[in-house]
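> Kindly generate the corresponding structure for this input.
(chains A and B)
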Amino acid sequence: MRIRDYFRRLPHIWCPGCGNGTIINAMLRAIDEVGLKKDEIVAVSGIGCFGRATGYLDFYTLHTTHGRALAFATGIKLMKPEMKVFVLMGDGDAAAIGGNHLIHAARRDIDLIAIVANNSIYGMTGGQVSPTTPEMAKTTTTPEGCKERPFDLCELVLAAGGSYVARWTTYHVRQLQNSIKEALEHPGFSFIEVFSQCPVQFGRRNKKDHIQMLREFKEKSSLEGGGDKIKIGVFRR
Amino acid sequence: MVELLQGNEACVKGALAAGCRFYAGYPITPSSEIAEMMAVELPKRGGVFIQMEDEIGSIAAVIGASLAGARAMTATSGPGISLMAENIGFAIMAEIPCVIVDVQRVGPSTGHATKPSQGDVMMARWGTHGDHRVVVLSPSSVSDMFWLTFKAFRFAEMLRTPVILLSDEIIGHMRTDVELPDEVEEEIPELEDVPSFHPFGGGKRYHVTGLVHDETGFPTNDGEIIEKQLKRLIRKIERHRDKITIVERLNVEDADVVILAYGCVVRSAIRAMYLAREEGIKCGVVDVKTLWPFPYEVVESEFKLIVPEMNSGLIADDLRKVRNDVISITKMNGEIIYPHEILEIIRRVSN
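Here you go, the predicted model:
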């Protein structure tokens, strides 16, 4: 099937240079390769830029309240265990307001595929600090630079018991697609964090455009991690 | 079949009779027996029980399960329904049927966990933000806990909206014998202004959102459509009030004095009414079981009106919209209003 056949409504509201489309593209290619039918898929999202993805996709789609997507998805999965349930969240959605649902979904190891688009900022509300904003990064609510430490979401989900945990970036599209394919075949809680660029709200305030941010994802990421490297890879499967 | 049941147990039986197959909840006194009994009963019937991480997750899972085609409910008390408020609004906006039981205790805040109150009548009505209508049922007996829970599922499905069963610690924990039906069948009618419901997985792929959306389910920025949709959500409840209003009248025909009560206070009101009748006072009782939308027509009569409530007079205050001579009896000490306290007021107003 052509990728565009998975969309039911376009154009989207995302800004030029945004990484959200790349993540959705990888997700749809994975679904296509596995050969799932549209009727077998539920996509649940919360509130935020990435949360709008469900409106564009031709599955059973549910756009919930801020932070609660995993809890809504839990109810759906328990009553429709035969369906594949994707949960699409941003970093604020999953790690701040929805943090409690995230650790408990991981603890239960419920068979959901959680994809977090981590752009280190609240994009939709105008660029405020998020739980994953790097130290000293500028946001509208940290004008002097962020003074708090960011969450390592994969470590958090590993500690809470998630049974498939991976991190990629919007530069690593093939690896991301393969991870989503693995997650579709994994019977348990799958958590895939994707470092993504927000050129408008994050880049503008931190003197980076989307190309520079993608280049950083390429150059500053490694399977080993360490130092200022972004540790990527599949951490548990 | 007659069974000795606790109110909270009767609630579970009513839910199961209505076909409830999903329960998500979080422990809270004085509602926990509902969760405990559901944990035993649902798996026997192919249903699912889950204890969630909090009440926000509970109502979210209930809405998700309902969207997946299961009749679903949760139960809580004041602090829990405060947490559920936002997602109750989601269910109103997205038109997802579900049942929420609030076994009231003293509030605000942690309040008093084991003492009864009727302090949540406005929380149930206005708890979620935005202009909306909500259906709230108020049981005054253990038997009501069965029947009104059963009805709550019917109304939720009929109107595609959340229904709140507003009980209280006394009705929830009281034990009486209850006549239970062997089987209950009730057709759910299709109503105007209520769109048909298609659970996920049923072959019709569509979008569900808490954003204001048009008839296709997608968000809209068009002010005209926004107003049209919000007005329909209000109208679909208002225009079908006759199908959801449950009121019981006792000796009201010849009454000079009427006690309007709801929930556990109805029991004291009935006792006070009989004591007054023995003294030659023509007294009656109106037991309002559908608290919202409130059936204001029941007070539009010549009788003197007494409204005893275990709060600061919240319903009495509201009734002053339709008549300004409401006599309010209030009590907020965590005890029921006793019959003699009502009788005293009956005597005073009938002199």
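> near chain A, which residues of chain B?
B:21-22, B:24, B:48, B:50, B:52-54, B:56-58, B:60-70, B:72, B:86-87, B:90, B:200-201, B:203, B:205-211, B:218-219 (CB under 8 Å from any CB of the partner chain). All C-beta atoms are positioned from the backbone trio N, CA, C, and that covers glycine.
> Residue B:198 is in what secondary structure piece?
Per DSSP states H and E: residue B:198 is located in neither a helix nor a strand.
> Tell me if I'm right that it and residue B:206 touch.
Yes: look at residue B:198 against residue B:206 with CB atoms under 8 Å: they come within range, at 7.1 Å.
> how deep is the residue in the stretch 201-350 of chain B that chain A sits nearest to tucked in, by neighbour count?
Proximity of the stretch 201-350 of chain B to chain A (CB to the nearest CB) peaks at residue B:209, 3.9 Å away. Neighbour count of residue B:209, defined by other CB atoms under 10 Å in any protein chain shown: 21.
> Next, work out how far apart it and residue A:21 are.
Counting by CB to CB, to the nearest Å, the gap from residue B:209 to residue A:21 is 20 Å.
> What's the separation between the spatially closest residue to residue B:18 that is not a sequence neighbour and residue B:288?
Setting aside the residues directly before and after it, residue B:18 is nearest to residue B:153 in space (CB to CB, 6 or more residues apart in numbering or on different chains), at 3.6 Å. Relative to residue B:288, residue B:153 is positioned 20 Å away (CB to CB).
> now do residue B:26
Counting by CB to CB, the separation of residue B:26 from residue B:288 is 29 Å.
> is it true that residue A:214 touches residue A:173?
No: look at residue A:214 against residue A:173 with CB under 8 Å: they stay out of range, at 10.6 Å.
> Looking at those two, which is more packed in?
Just comparing residue A:214 and residue A:173: by other CB under 10 Å the higher neighbour count belongs to residue A:214, 20 against 16.
> Name the nearest residue to that one, sequence neighbours excluded.
Closest to residue A:214 by CB to CB, 6+ apart is residue A:171, at 5.3 Å.
> ok, now residue B:342?
residue B:272 (3.7 Å).
> host element of the one you found?
helix B:265-278.
> try residue B:307
Going by DSSP H and E, residue B:307 is part of strand B:304-309.
> Export only the CA atoms of whichever helix or strand comes after that strand, formatted as CSV.
Once the chain leaves strand B:304-309, the next helix or strand it forms, by DSSP H and E, is helix B:314-319. What follows is helix B:314-319, C-alpha atoms only, in CSV (Å, rounded to 0.1, in the frame of the first residue of the first chain):
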residue,chain,number,x,y,z
LEU,B,314,-27.5,23.4,48.0
ILE,B,315,-30.6,22.0,46.4
ALA,B,316,-32.8,24.4,48.4
ASP,B,317,-30.8,27.3,47.1
ASP,B,318,-31.2,26.0,43.5
LEU,B,319,-35.0,25.6,44.0
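> which helices and strands does helix B:314-319 pack with?
Helix B:314-319 is packed against helix B:121-126, strand B:304-309, strand B:327-330, with contacts defined by 3 or more CB pairs under 8 Å, 6 or more residues apart in numbering or on different chains; DSSP states H and E.
> Find me the pLDDT at the residue in chain B that chain A sits nearest to, would you?
Evaluated by CB to the nearest CB, chain B has residue B:64 as its residue closest to chain A, separated by 2.7 Å. Looking at residue B:64, its pLDDT reads 98.
> circling back: give the contact list for the residue nearest to residue B:342.
Residue B:272 sits next to B:259, B:283, B:339, B:340, B:342, B:343, B:346 when contact means CB atoms under 8 Å, 6 or more residues apart in numbering or on different chains.
> Filter these down to the ones in strands?
Using DSSP state E, the subset of the contacts of residue B:272 located in strands is B:259, B:283.
> hmm, which of the contacts of residue B:272 are the buried ones?
Among those, those scoring as buried are B:259, B:283, B:339, B:342, B:343, B:346 (criterion: 16 or more other CB atoms under 10 Å in any protein chain shown).
> Quick one: the residues you listed as JSON lines, columns for pLDDT and distance to residue B:133 too.
Listed next are the buried ones among the contacts of residue B:272 as JSON lines, based on pLDDT from 0 to 100; distance: CB to CB, whole Å:
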{"residue": "B:259", "pLDDT": "98", "distance to residue B:133": "27"}
{"residue": "B:283", "pLDDT": "98", "distance to residue B:133": "33"}
{"residue": "B:339", "pLDDT": "98", "distance to residue B:133": "34"}
{"residue": "B:342", "pLDDT": "98", "distance to residue B:133": "31"}
{"residue": "B:343", "pLDDT": "98", "distance to residue B:133": "36"}
{"residue": "B:346", "pLDDT": "98", "distance to residue B:133": "34"}
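> which of these sit farthest apart?
B:283 and B:339 (11.6 Å; CB to CB).
> does residue B:177 count as helix, strand or coil?
Under the three-state scheme (DSSP: H, G, I helix; E, B strand; the rest coil), residue B:177 adopts strand.
> do the same with residue A:191
Three-state call for residue A:191 (three-state DSSP): strand.
> quick one: pLDDT of residue B:199?
96.
> Can you tell me which residues in chain A are near chain B?
A:8-9, A:38-39, A:42, A:44, A:54-55, A:58-65, A:68, A:71-80, A:82-83, A:100-101, A:104.
> From these, list the buried ones, please.
For the residues of chain A next to chain B, a burial check counting by 16+ other CB under 10 Å picks out A:8, A:39, A:42, A:44, A:54-55, A:58-65, A:68, A:71-80, A:83, A:100-101, A:104.
> Cross those residues against strands and list the overlap.
A:42, A:44, A:60, A:61, A:62, A:63.
> Pipe these into a markdown table and attach pLDDT per row.
Putting those into a markdown table (pLDDT from 0 to 100) gives the following:
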| residue | pLDDT |
| --- | --- |
| A:42 | 98 |
| A:44 | 98 |
| A:60 | 98 |
| A:61 | 98 |
| A:62 | 98 |
| A:63 | 98 |
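> Give the rounded mean pLDDT of the helix or strand encompassing residue B:236.
Element membership for residue B:236, per DSSP H and E: helix B:223-238. Here helix B:223-238 scores 97 as its mean pLDDT.
> on that earlier part again, deepest-packed of the helices and strands packed on helix B:314-319, please.
strand B:304-309 (a mean of 24; mean count of other CB atoms under 10 Å in any protein chain shown).
> Given it, what are its sheet partners and their directions?
strand B:257-261 (parallel), strand B:327-330 (parallel) (DSSP bridges).
> for chain A, what spans make up the helices?
With helices called from DSSP state H, chain A shows them at A:20-34, A:53-56, A:69-79, A:91, A:99-108, A:153-160, A:173-185, A:210-219.
> residue at max distance from the center of chain A?
For chain A, the largest distance from the centre (CA atoms, centre = their mean) belongs to residue A:144, which lies 27.4 Å off.
> picking that back up, quick check, the residue nearest to residue B:18 in contact with residue B:70.
No: between residue B:153 and residue B:70 there is no contact, the gap being 11.1 Å when judged by CB under 8 Å.
> Would you mind naming the residues that bridge with residue B:5?
Here residue B:5, judged by DSSP bridges, has bridge partners residue B:176.
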